[in-house]
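Engineer: Task: produce atomic coordinates for the following.
(one chain, ligands or ions: 3)
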Amino acid sequence: MRVLTVNPGSSSVKFSLVEADDTVRARVELSTGGADREAERVLASVARLPRPDAVGIRFVHGGRDYTRPVVIDDEVAERLHELADLAPLHQPLSLYALGEIHRAFPDVPTVACFDTAFHATLPEAAATYALPAEWRERYGLRRYGFHGLSHAYAARRAAELLGADLSDLRMVVCHLGAGASLAAVAGGRSVDTTMGFTPLDGLVMATRAGAIDPGIPLWLLAHGVPAEELRDAFEHRSGLRALAGTGDMRTLRSRAAAHDEQAVSALAVYHHRLRGQAAAMTAALGGLDALVFTGGVGEHAPETRRRLAADLAYLGARLDPERNDAARGDSVISPPDAAVAAVVVTAREDLEIAAGVRSALIRQVQ
Ligand SMILES: Nc1ncnc2c1ncn2[C@@H]1O[C@H](COP(=O)(O)OP(=O)(O)O)[C@@H](O)[C@H]1O
Ligand SMILES: CC(=O)OP(=O)(O)O
Ligand SMILES: [Mg+2]
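Structural biologist: Ligands and ions are numbered 1, 2, ... in the order given. Next up, the predicted model:
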């Protein structure tokens, strides 16, 4: 079965044609610079792709309804539309992709694969917000967590690279891209994560601030800032972009290397938050066996990895500087005797989506 996978991220849309044996026949990555703003341009090319046997689309939010991949029928499509405003940077583009796919390939089965599904195993204590019970019940307020397709793949692949059994490992998986989150993974299961009810929580990201005092939006609303402006600022005009004018880590690293003060201090804020939340993940695990880096920044920014490992040296994290600088694709970057292993894994949400498509279609015929 040949599966077309569609992965709308906040800075890119990625398509892959994945064969039954997981070889990828074609891969296209389009940079959008704000996916929800340029959907039409990006998806105009869908109809020109070769016809697949099935399609898998990444939906970041499955809400309370979906904790595994699901074949999209009219009822599921309606529910997915209702969940759209929970992830306004991503979900509208997934829905737009769904429409285009149906138009281009009307009788090809299409499956929704969710970022939130991997985090369905979060213990209640980690998932629960101390907010009024009535709201939690009525609105489904809880920590859902995101990037689950990436975290799940990276955790499995890291265990393979370390020649270890996934069930024996306590890992902090760092998905650092335009959006960024950490997952505490114990024995292959997510037990804590930094994103919450929406993908705005947690780490400092390219255009999102991550965790902020909930009093800030209340105060701004009370002082006349309209809700729509808050949303736009929180999604598009915060994070590294707000601190240094750009969310692109390549640019920031080269500016910081040239002693640009704004870039240096933006990276200091980024790393302060990353260090604190990584430590919180290790607390949820009760220790740490491996640190796993994935996502555009995690894969390609050795300086980001170096700094986090140095910040966690007190827990036993240590990199081999040469391996860290030379890492291209999947590789172990810690010395053999490090107490905490460190691994780089190329993000392969496409393979995770293709596997989800196969499992949902098999379930459907059983
Ligand atoms: N060579 C590099 N050095 C540092 N950062 C990089 C490099 N290449 C890509 N990145 C970062 O990766 C980010 C994109 O990551 P990615 O995981 O593809 O994003 P998303 O899926 O959220 O759209 C870019 O914003 C850029 O900052
Ligand atoms: C959930 C999320 O933020 O995804 P991405 O990093 O792909 O934008
Ligand atoms: Mg991504």
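
Engineer: Does residue 221 touch residue 231 like I think?
Structural biologist: No. Counting by Cβ atoms under 8 Å, residue 221 does not reach residue 231; the two are 11.4 Å apart. Every C-beta, even on glycine, is put in place using the N, C-alpha and C of the backbone.

Engineer: For the stretch 101-250 of the chain, what lies in contact range of ligand 2?
Structural biologist: Contact residues (Cβ under 6 Å from any ligand atom) of the stretch 101-250 of the chain with ligand 2: 115, 146-147, 177-179, 199.

Engineer: near ligand 3 too, which of the residues you listed?
Structural biologist: residue 177 (Cβ under 5 Å from the ion).

Engineer: Looking at the residues of the stretch 101-250 of the chain next to ligand 2, which one is closest to residue 366?
Structural biologist: For these, the minimum distance to residue 366 (Cβ to Cβ) is 25.5 Å, reached by residue 115.

Engineer: The closest one: neighbouring residues, count only.
Structural biologist: 28 (other Cβ atoms under 10 Å).

Engineer: From residue 158, how far out is it?
Structural biologist: From residue 115 over to residue 158 the distance is 19 Å, taken as Cβ to Cβ, to the nearest Å.

Engineer: C-terminal to the worst-scoring helix or strand of the chain on mean pLDDT, what's the next element?
Structural biologist: Lowest on mean pLDDT, DSSP states H and E among the helices and strands of the chain sits helix 39-43, with a mean of 65. Next along the chain after helix 39-43, taking DSSP states H and E as the criterion, comes strand 54-59.

Engineer: same question for that following strand, mean pLDDT?
Structural biologist: When pLDDT is averaged over strand 54-59, the result is 97.

Engineer: so where's the longest helix in the protein?
Structural biologist: Secondary structure of the chain per DSSP state H: the longest helix is helix 261-285.

Engineer: touching ligand 2 at all, stretch 48-60?
Structural biologist: Yes. Interface with ligand 2: stretch 48-60 contributes residue 60 (Cβ under 6 Å from any ligand atom).

Engineer: still on that earlier bit, from the contact counts, what lies against the longest helix of the chain?
Structural biologist: Contact here means 3 or more Cβ pairs under 8 Å, 6 or more residues apart in numbering; DSSP states H and E; on that basis helix 261-285 packs against strand 170-176, strand 180-186, strand 189-193, helix 239-244, helix 249-257, helix 302-311.

Engineer: Give the rounded mean pLDDT of the following helix or strand past the last one.
Structural biologist: In other words, helix 302-311. Scanning forward in sequence from helix 302-311 by DSSP H and E, the next helix or strand is helix 321-326. When pLDDT is averaged over helix 321-326, the result is 98.

Engineer: That's all I had, so thanks and see you.
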